[in-house]
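Q: need a 3D model of the sequence below.
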Amino acid sequence: MSASTAAPARDRLRIAIQKSGRLAEPARSLLAACGLSWRQSRDKLFCYGESLPVDLLLVRDDDIPGLIADGVCDLGIVGQNELEEQAAERRRNGLPAAYHAVRGVGFGQCRLMLAVPEEWDWHGVAQLAGKRIATSYPAILADWLERQGIDATVVELSGSVEIAPRLGTADLICDLVSSGATLAANQLKPVELVMESEAVLAGAVREPADARAGLLAMLLRRMDGVLKLRDSKLLMFRAEHGNVDALRRLLPDADPLVQLPDDGNGALRLQTMCHGAVTWQRLEELERAGAQGLMVLTVERSLA
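A: Numbering: from 1, shown residues only. As a prediction, this is how the structure comes out:
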């Protein structure tokens, strides 16, 4: 099916995720937190949705953008770097990239960076002229070099990019960096950012108009609730009227304070949702400002 052809009507939503790799388990955990459960097929590539009519396809991450563009899947969880690479490659081949990033999903953060041998003195991108750069993201790198006005040779590798300079197949590399440990182990140092990346929920530009539309809206609403609560805690405490303003100033990342029914001892009973870290130091600071009986509770689900 071409990207310009409307997908046939279906009553089940399909989501593609990595079969294995660093995004596989976080993606499944996120979808499970949204209330989805599945029965796996014998080939372990297709998971039939049991709790809701939402099925999973377990595939290579670089196949996910194409599956969405061709109407095989409605959604996919994939690195933004892979999404952009496939989009750039499609544009270069005269094909439409009929998908987009719907929202970030809060994991898989990394950077696509240029890295050079440690002995290099780096003075700027002008040094790239005439150099060979090994990468698994040739389309992104080629677009970036064009924007920089740099004439360099892109050497495409499917893996083990970091050893290319030692093998003599490239002068430097362009690769994903999270901790930097792999670069250090190969006597390389990062010098220039090409793009920031994280895992995203990707979807077709043209949203379904059949039974899947309601499923899609429900899933996105649930996912918003899960992502909002991921680093959030419900904070409950008592306080005297005169201390409330000072306590409110100590909670800049929290929702407005909600007053609960009075417990009869004269103090206010208050609660709020904190969207930042609630550390011991923070609780002690609130206590010094007049908060009493502080409790921090985990919230599993929320519908805004």
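
Q: tell me how many other residues crowd Ala209.
A: 10 (other CB atoms under 10 Å). Using the backbone N, CA and C atoms, a C-beta is placed for each residue, glycine as well.

Q: Val258 too?
A: The burial count for Val258: 11, using other CB under 10 Å.

Q: ok, what's across the strand from it?
A: Beta bridges link Val258 to Gln271 when assigned by DSSP bridges.

Q: ok, it touching Arg248?
A: No - at 11.9 Å, Val258 does not count as touching Arg248 under the criterion of CB atoms under 8 Å.

Q: low-confidence ranges, the stretch 201-304 of the chain, go.
A: 263-264, 303-304 (pLDDT under 70).

Q: residue boundaries of the strands in the stretch 101-250 of the chain?
A: 110-117, 132-135, 153-156, 172-177, 188-197, 199-204, 233-239 (DSSP state E, counting those that start in this stretch).

Q: can you redo those strands as JSON lines with distance to Leu56 and mean neighbour count?
A: Shown next, in JSON lines, are these (distance: least, CB to CB, whole Å; neighbours: other CB atoms under 10 Å):
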{"stretch": "strand 110-117", "distance to Leu56": "24", "mean neighbour count": "21"}
{"stretch": "strand 132-135", "distance to Leu56": "30", "mean neighbour count": "24"}
{"stretch": "strand 153-156", "distance to Leu56": "30", "mean neighbour count": "16"}
{"stretch": "strand 172-177", "distance to Leu56": "25", "mean neighbour count": "24"}
{"stretch": "strand 188-197", "distance to Leu56": "23", "mean neighbour count": "18"}
{"stretch": "strand 199-204", "distance to Leu56": "13", "mean neighbour count": "23"}
{"stretch": "strand 233-239", "distance to Leu56": "30", "mean neighbour count": "20"}
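
Q: include distance to Arg14 when you put those strands into TSV, please.
A: What follows is the strands of the stretch 101-250 of the chain, written out as TSV (distance: least, CB to CB, whole Å):
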stretch	distance to Arg14
strand 110-117	27
strand 132-135	31
strand 153-156	30
strand 172-177	27
strand 188-197	24
strand 199-204	11
strand 233-239	35
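
Q: quick check: Ile64 is in a helix.
A: Yes - in this structure, Ile64 lies within a helix as judged by DSSP: H, G, I helix; E, B strand; the rest coil.

Q: helix, strand or coil for the spatially closest residue to it that is not a sequence neighbour?
A: Nearest residue to Ile64, sequence neighbours excluded (CB to CB, 6 or more residues apart in numbering): Gly76, at 3.9 Å. Of the three states, Gly76 takes strand according to three-state DSSP.

Q: how many neighbours does Gly76 have?
A: So Gly76, with other CB under 10 Å, has 30 neighbours.

Q: next: Pro252.
A: Pro252: 9 neighbours (other CB under 10 Å).

Q: distance of it relative to Gly276?
A: 8 Å (CB to CB, to the nearest Å).

Q: before we move on, the earlier item: figure out which of the strands of the stretch 101-250 of the chain is closest to Ser302.
A: strand 233-239 (9.8 Å; CB to CB).

Q: next, the distance between the ends of stretch 182-193.
A: Using CA to CA, to the nearest Å, one end of stretch 182-193 lies 17 Å from the other.

Q: go ahead and measure how far it is from the middle of the chain.
A: 23 Å (CA atoms, centre = their mean, to the nearest Å).

Q: pLDDT averaged over that stretch - what is it?
A: Confidence over stretch 182-193, taken as the mean pLDDT, stands at 94.

Q: for stretch 118-135, same thing?
A: The model assigns stretch 118-135 a mean pLDDT of 96.

Q: which positions in that stretch come out as buried?
A: The neighbour-count check on stretch 118-135 (16 or more other CB atoms under 10 Å) flags 125, 127-128, 132-135 as buried.

Q: considering those residues, which is situated nearest to Arg90?
A: Thr135 (17.9 Å).

Q: would you confirm that that closest one contacts Glu156?
A: Yes - counting by CB under 8 Å, Glu156 is a contact partner of Thr135 at 6.8 Å.

Q: just give me the neighbour total for Arg39.
A: The burial count for Arg39: 10, using other CB under 10 Å.

Q: pLDDT at the most centrally placed residue in the chain, what is it?
A: Closest to where the C-alpha atoms of the chain average out (CA atoms, centre = their mean) is Ala199, at 2.7 Å. Per-residue confidence (pLDDT) for Ala199: 95.

Q: quickly list what it is bridged to.
A: Going by DSSP bridges, Ala199 forms beta bridges with Gly79.

Q: kind regards, and thank you for your time.
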